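# I need the structure of the sequence given here:
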Amino acid sequence: MSDKKRKNRLIVGISLLTVLALAVVTAVWLFLPRTPSEQLPLDERFQNWNLAVDGLVDRPLNLSVSDLLSMPSNAVNSSLYCVGGGTGYPVENGTWEGVKLKLILEKAGVQPNAIKVAFYAPDGFSTDLTIQDAQREDVIVAYKKDGEFLKDESGNPDFRLVVPGKWGYKWIRGLNHIELVDYDFKGFYEGRGYSDEADIE
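Next up is the predicted model:
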């Protein structure tokens with residue numbers, strides 16, 4: 001048998017083995033028992049996420065996803081405006097659903113000397129609201145937009161502070177820590193000269 005024929009047979013054999021191996025792997029994958037991630041309870045998929053509420057509060061909280069979902073929900077129809085996008089056009093519209101920040105603060109028990117609420121995300125971003133703004137009825141910690149759960153690119157919770165009438169840098173994403181303080185805290189952009197009130201005119 002010539003070298004060329006041997007080479008051709010070897011190539012054909014390797015190809016057949018590759019196809020067979022792929023078929024076996026596919027069959028195993030198809031028939032293995034599994035639960036689609038979208039059918040898992042939310043707290044199982046997001047079990048490593050929690051929202052800490054501390055600082056000047058009577059009862060520090062460590063809220064899981066299921067804790068927030070068990071609290072009364074509130075829907076807010078609002079647009080998000082980015083400072084860089086000008087005042088004329090919103091960069092994001094929708095109906096946001098979540099828990100009133102006021103309710104979370106009441107659950108924690110705000111101490112009388114607290115004057116500001118600081119908000120933090122894992123990436124180092126932060127922002128702030130006065131106690132008065134934080135207790136507005138339309139300010140929520142949102143976990144849904146237009147009926148869909150908010151998630152980041154990795155599928156983790158992307159809970160967002162929704163503050164109608166304020167510029168987008170107040171709408172912190174990936175919120176995981178709320179701290180009540182007795183001083184004039186300034187967030188990431190606020191500390192760099194952006195308006196602390198952030199009111200859209």
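
# Find me the pLDDT at the residue nearest in space to the middle of the chain, would you?
Among the residues of the chain, the one closest to the centroid is residue 158, at 0.9 Å (Cα atoms, centre = their mean). pLDDT recorded at residue 158 is 84.

# quick one, longest strand in the chain?
Longest strand in the chain, counting residues (DSSP state E): strand 92-100.

# what's in contact with the helix or strand following that one?
Sequence-wise, the next helix or strand downstream of strand 92-100 (DSSP states H and E) is helix 101-108. For helix 101-108, the surrounding residues in contact (Cβ atoms under 8 Å, 6 or more residues apart in numbering) are 51, 53, 57-61, 63, 71-72, 117, 134-137, 139-141, 161, 178, 180. The C-beta positions use only the backbone N, C-alpha and C, and glycine is treated the same way.

# Select only the buried ones of these in PyMOL?
Only the buried entries of these go into this PyMOL selection, using 16 or more other Cβ atoms under 10 Å:
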select buried, resi 51+53+57+61+63+117+134+135+139+140+141+161+178+180
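
# Narrow the contacts of helix 101-108 to those in helices?
residue 134 (DSSP state H).

# which residues touch the spatially closest residue to residue 149 that is not a sequence neighbour?
Distances taken as Cβ to Cβ, 6 or more residues apart in numbering put residue 143 closest to residue 149, at 6.2 Å, once the chain neighbours are dropped. By Cβ under 8 Å, 6+ apart, residue 143 lies in contact with 65, 68-69, 97-99, 149-150, 157, 159.

# can I assume residue 52 is in contact with residue 177?
Yes: here residue 52 lies in contact with residue 177, judged by Cβ atoms under 8 Å, at a distance of 4.8 Å.

# where are the low-confidence patches of this structure?
1-48, 84-89 (pLDDT under 70).

# how about the strands in it?
Under DSSP E, the chain gives strands at 51-55, 61-63, 74-80, 92-100, 116-120, 126-130, 140-145, 148-149, 160-162, 177-181.

# Looking at those strands, which is nearest to residue 195?
Among those, strand 126-130 comes nearest to residue 195, with 11.7 Å by Cβ to Cβ.

# Now tell me what touches the closest one from outside.
115-120, 139, 161, 163, 169-170, 172, 185-190, 196.
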